[in-house]
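Peer 1: Structure for the following, please:
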Amino acid sequence: MKQFIKYKKPLLCLGGYMLFSFSLFGQTPVENDSIITNSIDLVAKVNKEVTLGFQTEKNKNVVGAVSSIVPDEFLKYDNTQWVRDALNGRITGLKYSENIRGLGGAMIVVDGIPGRSIDLLNMEEIQEITVLKDANAAALYGSMGKNGVIVVTTKRGSKKTEFNISASSGLKEAISMPNYLNSADYMQFYNEARINDGLSQTFSDTQIANQINNTNPFRYPDVDLYSKDYFSSLASFTNVIGDFSGSMEDTKYYINFGFKSDQSLQDFSDNDKGTKRFNVRGNIDFRINSWITSSLDAIAIIETNKSSLTSLYDSGLTFKPNLYAPLLPIDMIDTTNNPGLEGLLAAANKYDGFILGGNQFFTGNVPIAAGIAGGKQTSISRISQVNNSINFDLSAITEGLSAKTYLSFDFYNRYNLTVNNAYAIYQPTWNDDDKIINLVNVGNTDLKNLEEDVETNIFTIRYGFFGLLNYEKQLDENNLLKASLVGFANNTQTKSVTQADKNSHVALSLNYTYKDRFLFDLNTSYVHSVKLSEGDRDKLAPTLGFGYIISEETSLKDVSWLNYLKLRSSMGVVYSDLEVPGYFLYDEYYQQNAGNYNWGDQYGTGFKNGYTTIERSQNLSLGMERRVDYNIGIEGLFFDKIWVEANAFRSVLDEQTIRASTLYPEYYNTFRPYSNFEADKRSGFELGIRYSDKFNDLGLDLGARVLYATSERTVVDEVYNDDYQYRKGTSVDAYWGLKSLGFFGVDDFDTDGALKEGIPTPEFGSVQPGDLRYKDINNDGLVNEQDEVVIGRWDAPWTFGSDIKLSYKSFTLFTLLTAQVGSQGITSNSYYQPQADDKYSEVVRGRWTEATADTATFPRLSSIENTNNFGQTSDFWLYNNSNFKIERVQLTFDLPQTLVSNLNMQDLSVYASGANLLMIAKEKNIQQLSLSSSPSYRYYSLGLRAKF
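Peer 2: Numbering: from 1, shown residues only. Below you'll find the model as predicted:
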């Protein structure tokens with residue numbers, strides 16, 4: 001709430017301005033053309049130029065499975081600046097933000113350079129994002145296009161001078177925080193665990209009663225590191241982005257600059273300042289002479305995060321509530337009767353009337369002391385990128401010939417500046433009057449470090465180059481030929497990594513169009529890999545695509561409801577070494593181990609040699625992995641209002657690199673070579689529909705997308721005793737584990753504690769009533785890994801996305817919805833599976849006892865490790881991961897054009913928005929709880945956008 005108070009004046013002023021604008025102008029017709037027209041001109045979409053990376057093409061002439069978005073068409077009404085957020089749920093065939101059709105992480109290409117990160121961009125600087133889904137569309141990217149490609153094109157300069165500003169500020173709150181037991185409950189439950197193990201209680205009834213009565217929270221601590229004492233309920237964020245473009249003679253320029261501030265909810269130390277990010281981009285296009293043009297792009301980003309040395313969010317997962325009081329009040333220290341403490345207090349560092357508390361048995365677990373007195377750290381990221389392209393118009397040689405070269409240099413550096421201070425922590429001795437009568441320093445001497453330590457975490461340099469030769473020729477009225485030849489090379493060197501990542505290939509694209517309706521694509525790449533042996537480093541990967549624009553047929557041109565309809569199909573191969581898990585894996589590998597043998601005259605002094613063993617044998621025929629891809633689809637425009645795109649696809653991913661055991665005799669064991677052996681198949685369909693219309697003052701723009709993607713393991717290196725355990729035929733994302741039958745009951749055991757005859761015995765350690773019971777699948781009387789079966793899948797086969805925009809006069813309401821169906825998750829960490837000496841979360845309230853046997857949701861408590869309950873993967877720990885989300889909602893008000901013109905602007909709007917607003921799910925309490933680094937957030941913001 002302190003952040004809200006800090007920013008309440010600008011936020012309230014902006015909110016009041018929106019309400020004032022509504023009262024004055026809400027009923028006035030809006031004259032701004034950008035409001036009157038639909039947000040997406042579906043008719044123009046047919047002939048829109050689409051950037052495919054190395055090429056641009058009209059949408060109607062694209063044969064491959066391609067989808068694209070233009071941020072300027074929606075940013076005004078959905079002002080999200082994170083590219084991942086903008087992609088999620090908005091593009092047909094894309095799962096989440098960069099997974100195309102379930103294949104995995106796609107290659108990100110920014111301004112022609114593969115391997116860059118979309119996290120370094122803001123949406124305002126992006127002209128277009130195109131997703132290349134099938135092998136034919138991604139073929140020119142060679143090995144790197146294995147999982148598809150996401151092509152991001154940034155904005156360029158224009159002849160018209162323009163200036164735009166977007167600013168927003170708001171508050172974020174944690175959607176869910178970890179919920180652990182308080183001290184009294186923890187102590188009672190831990191005593192129960194000890195009794196279950198046949199051990200004595202750790203905590204006495206008196207200790208527990210003192211905790212319950214809470215007469216002195218410093219003597220009887222109940223520490224919750226996730227409470228309001230250490231975390232604010234709200235934190236502020238601010239985002240300001242501006243850009244301007246224009247031209248001077250033969251030079252065009254585009255400049256984008258941004259500032260982002262994101263405060264931390266952690267609020268117990270002055271060192272927790274949060275994150276600030278500055279970025280600037282300059283894209284310049286200029287003419288050198290009549291046939292050569294060039295461009296120079298430069299990007300610089302600096303991000304700093306200032307924090308204490310402790311992340312309480314992480315520390316809270318293990319810090320038990322009863323350990324000790326992190327802070328001791330000075331007014332409770334009895335110096336009158338213990339004058340020796342006066343000197344100690346005079347020398348001790350004090351923090352708002354407290355000194356740092358501790359315990360001699362937990363001197364390594366002092367998160368509060370480390371945060372307050374331990375020092376501070378500043379994490380700094382510095383990123384710079386430079387591109388240069390040169391375009392050659394070679395029509396003087398032959399009409400339609402052109403060339404392009406592109407050179408890039410990227411630099412990434414992240415380092416920490418750290419101040420580590422020594423500090424004292426004190427263990428108190430209390431008297432019966434709840435006064436501290438003695439203090440023992442169980443830490444160090446208070447000492448501030450005057451020097452900063454510097455540690456480089458990431459240091460990466462990337463060089464990239466491609467050369468492009470294009471030829472386009474209208475042979476006659478009916479025949480159009482296009483051809484492109486690409487040569488590409490990329491080198492990435494990372495700190496502490498000896499071998500640089502290298503990618504190189506050449507690619508050829510031939511495109512032929514007949515009568516503006518028959519489209520033929522032949523795209524071929526010749527891929528090179530330095531990971532493989534000589535003779536197996538190069539592969540030819542051809543793809544072929546065909547498109548048929550049915551609506552161009554004479555018999556259909558006069559059909560009033562059919563504006564455009566295209567059929568397309570493609571097939572092809574992509575070879576890649578991206579999944580080959582290292583360099584020189586084709587070669588044998590020897591290692592001298594710790595053993596040795598004697599040699600020489602036994603009566604002499606004797607000699608010893610170390611054993612040399614072969615750890616991996618040679619396979620010079622080790623090759624690249626392969627994706628064989630098939631796609632068939634349609635896209636069309638109907639009634640001038642409905643856009644439809646649909647594809648059915650299948651991808652076979654074979655020749656996967658593993659150390660196969662079934663190819664070699666059993667005695668080969670550890671020195672098996674790497675081989676190209678396993679294979680998977682992925683298939684499914686995608687459908688996207690957009691409807692756009694206007695009814696007087698009411699405008700409607702509705703988009704809906706669905707993706708179904710499933711998988712099957714078709715070739716697997718495996719040998720099992722039972723047929724049901726073979727992975728072949730199951731999904732790639734399958735969970736394998738035991739089937740739970742609930743808990744063992746008292747009646748399942750004899751009086752001596754042994755399981756009764758006929759009840760399968762688990763081989764995971766001894767069991768008691770209240771332990772998990774598993775199904776004996778093969779009925780051999782034992783429960784072990786041979787009883788593992790498919791219990792679920794971690795990747796949702798069904799994903800949905802929908803964006804809805806309603807506009808009425810000056811107001812526009814936008815909503816983005818997403819959903820996923822059919823997947824499960826596993827609660828596998830200590831929060832959900834606490835055992836032995838782990839901290840107890842709320843889940844243990846459902847633990848098994850004889851009294852709760854019929855309602856228990858958690859196994860019996862144990863103070864020792866229990867491999868039967870917590871060491872096995874089973875469906876007991878599965879949860880339903882299906883969900884429906886309202887990702888974002890934004891209400892936008894456009895100021896009247898008359899007022900905007902008087903302000904010398906082209907457009908001005910204000911808005912209120914929210915993100916991560918609602919999840920509907922059976923297990924949303926699990927899905928919304930993050931147990932790593934920071935919580936999941938819900939955002940509320942007010943902002944404005946202005947165009948000059």
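Peer 1: Distance of residue 640 relative to residue 548?
Peer 2: The gap separating residue 640 from residue 548 is 22 Å, by C-beta to C-beta, to the nearest Å. Where C-beta positions appear, they are placed from N, C-alpha and C, glycine not excepted.
Peer 1: mind listing the helices in the chain by residue range?
Peer 2: If DSSP state H is used as the criterion, the helices of the chain fall at 2-25, 33-36, 42-45, 83-87, 135-138, 183-196, 205-213, 312-315, 340-347, 367-373, 867-870, 897-902, 924-927.
Peer 1: deepest of these, which one?
Peer 2: Of all the helices of the chain, helix 135-138 has the most neighbours on average by mean count of other C-beta atoms under 10 Å, namely a mean of 32.
Peer 1: now for it, which elements pack on it?
Peer 2: strand 538-549, strand 562-576, strand 625-638 (3 or more C-beta pairs under 8 Å, 6 or more residues apart in numbering; DSSP states H and E).
Peer 1: Show the average pLDDT along the last one.
Peer 2: Strand 625-638 comes out with an average pLDDT of 96.
Peer 1: what is the orientation angle of that strand with strand 538-549?
Peer 2: Angle of strand 625-638 versus strand 538-549, following axes from the mean of the first three to the mean of the last three C-alpha atoms, to 10 degrees, is 10 degrees.
Peer 1: mind listing what strand 625-638 pairs with, with the direction of each?
Peer 2: With DSSP bridges as the test, strand 625-638 is paired with strand 562-576 (antiparallel), strand 642-658 (antiparallel).
Peer 1: Including mean neighbour count and distance to residue 150, could those go into CSV?
Peer 2: Shown next, in CSV, are these (neighbours: other C-beta atoms under 10 Å; distance: least, C-beta to C-beta, whole Å):
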stretch, mean neighbour count, distance to residue 150
strand 562-576, 21, 16
strand 642-658, 20, 17
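Peer 1: Ok, which of those comes nearest residue 240?
Peer 2: Nearest of the strands paired with strand 625-638 to residue 240, taken as C-beta to C-beta: strand 642-658 at 34.4 Å.
Peer 1: Name the nearest residue to residue 887, sequence neighbours excluded.
Peer 2: Once flanking residues are discounted, residue 887 sits nearest to residue 816: 4.5 Å by C-beta to C-beta, 6 or more residues apart in numbering.
Peer 1: Tell me what the one you found is bridged to.
Peer 2: With DSSP bridges applied, residue 816 shows beta-bridge pairing to residue 803, residue 888.
Peer 1: Correct me if wrong: it contacts residue 90.
Peer 2: Yes: Residue 816 is within contact range of residue 90, at 7.3 Å (criterion: C-beta atoms under 8 Å).
Peer 1: Overlap in contacts, the two.
Peer 2: Common contacts of residue 816 and residue 90 (C-beta atoms under 8 Å, 6 or more residues apart in numbering): 801, 803.
Peer 1: that older thread, okay if I get the helices and strands packed on helix 135-138 as JSON lines plus distance to residue 303?
Peer 2: Shown next, in JSON lines, are the helices and strands packed on helix 135-138 (distance: least, C-beta to C-beta, whole Å):
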{"stretch": "strand 538-549", "distance to residue 303": "38"}
{"stretch": "strand 562-576", "distance to residue 303": "32"}
{"stretch": "strand 625-638", "distance to residue 303": "35"}
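Peer 1: Ok, which of these comes nearest residue 458?
Peer 2: Among the helices and strands packed on helix 135-138, strand 562-576 comes nearest to residue 458, with 25.1 Å by C-beta to C-beta.
Peer 1: So for the closest one, mean pLDDT?
Peer 2: Mean pLDDT, strand 562-576: 96.
Peer 1: sorry, back to before: same list (the helices of the chain) but as a markdown table, adding mean pLDDT.
Peer 2: Below are these laid out as a markdown table (pLDDT from 0 to 100):
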| stretch | mean pLDDT |
| --- | --- |
| helix 2-25 | 37 |
| helix 33-36 | 38 |
| helix 42-45 | 79 |
| helix 83-87 | 92 |
| helix 135-138 | 94 |
| helix 183-196 | 97 |
| helix 205-213 | 92 |
| helix 312-315 | 94 |
| helix 340-347 | 90 |
| helix 367-373 | 94 |
| helix 867-870 | 95 |
| helix 897-902 | 89 |
| helix 924-927 | 96 |
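Peer 1: nearest to residue 463, of those?
Peer 2: With C-beta to C-beta as the criterion, residue 463 lies closest to helix 135-138 of those, at 22.3 Å.
Peer 1: How far does that closest one sit from its chain's centre?
Peer 2: Centre-to-centre, helix 135-138 and its host chain are 25 Å apart (C-alpha atoms, centre = their mean, to the nearest Å).
Peer 1: Just the residues contacting stretch 511-520, thanks.
Peer 2: By C-beta under 8 Å, 6+ apart, stretch 511-520 touches 57, 61, 63, 478-483, 510, 521-522, 545-550, 552-553, 568.
Peer 1: Of those, just the buried ones, ChimeraX syntax please.
Peer 2: Burial among the contacts of stretch 511-520 is assessed by 16 or more other C-beta atoms under 10 Å; the matching ChimeraX selection reads:
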select :57,61,63,480,482,483,510,521,522,545,546,547,548,549,552,568
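Peer 1: Residue 568 touches residue 549, doesn't it?
Peer 2: No: applying C-beta under 8 Å as the test, residue 568 and residue 549 come out as separate, 9.5 Å apart.
Peer 1: The residue nearest to residue 948 when sequence neighbours are not counted: neighbour count?
Peer 2: Excluding its sequence neighbours, the residue lying closest to residue 948 (C-beta to C-beta, 6+ apart) is residue 163, at 4.2 Å. By other C-beta atoms under 10 Å, 15 other residues sit near residue 163.
Peer 1: who touches residue 163 in this structure?
Peer 2: Residues in contact with residue 163 (C-beta under 8 Å, 6+ apart) are 242-244, 947-948.
Peer 1: Quick one: closest of the helices of the chain to residue 843.
Peer 2: Between residue 843 and the helices of the chain, the tightest spacing by C-beta to C-beta is seen for helix 924-927, at 10.0 Å.
Peer 1: sorry, back to before: mind giving me JSON lines with the strands paired with strand 625-638 and columns for distance to residue 760?
Peer 2: Shown next, in JSON lines, are these (distance: least, C-beta to C-beta, whole Å):
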{"stretch": "strand 562-576", "distance to residue 760": "45"}
{"stretch": "strand 642-658", "distance to residue 760": "33"}
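Peer 1: residues touching the closest residue to residue 582 other than its chain neighbours, list them.
Peer 2: Computed as C-beta to C-beta, 6+ apart, the closest residue to residue 582 that is not its neighbour in sequence is residue 531, at 7.3 Å. Contacts for residue 531 (C-beta under 8 Å, 6+ apart) come out as 577, 580, 582-585.
Peer 1: Among these, give me the pair with the biggest separation.
Peer 2: Pairwise distances across the contacts of residue 531 peak at 12.4 Å for 577 and 584 (criterion: C-beta to C-beta).
Peer 1: what about the nearest residue to residue 131 once chain neighbours are set aside, how many neighbours?
Peer 2: Leaving aside its sequence neighbours, residue 131 sits nearest to residue 67 (C-beta to C-beta, 6+ apart; 5.0 Å). Look at residue 67: counted by other C-beta under 10 Å, it has 23 neighbours.
Peer 1: OK, contacts around residue 67?
Peer 2: By C-beta under 8 Å, 6+ apart, the contact set of residue 67 is 91-94, 130-131, 133, 645, 688.
Peer 1: next one: residue 101
Peer 2: Listed by C-beta under 8 Å, 6+ apart, the contact set of residue 101 reads 93, 95, 133, 148, 649, 651, 682, 684, 686, 707, 709.
Peer 1: go with 7 Å
Peer 2: Applying C-beta atoms under 7 Å, 6 or more residues apart in numbering, we find residue 101 in contact with 93, 133, 649, 682, 684, 709.
Peer 1: and if you look at residue 245?
Peer 2: When contacts are counted by C-beta under 7 Å, 6+ apart, residue 245 is found next to 157-158, 162, 253-254.
Peer 1: Now the two most distant members of those residues.
Peer 2: Checking those with C-beta to C-beta, the most distant pair is 162 and 253, at 11.2 Å.
Peer 1: More neighbours: which of the two?
Peer 2: Neighbours of residue 162 and residue 253, each counted by other C-beta under 10 Å, are more numerous for residue 253; the result is 19 against 14.
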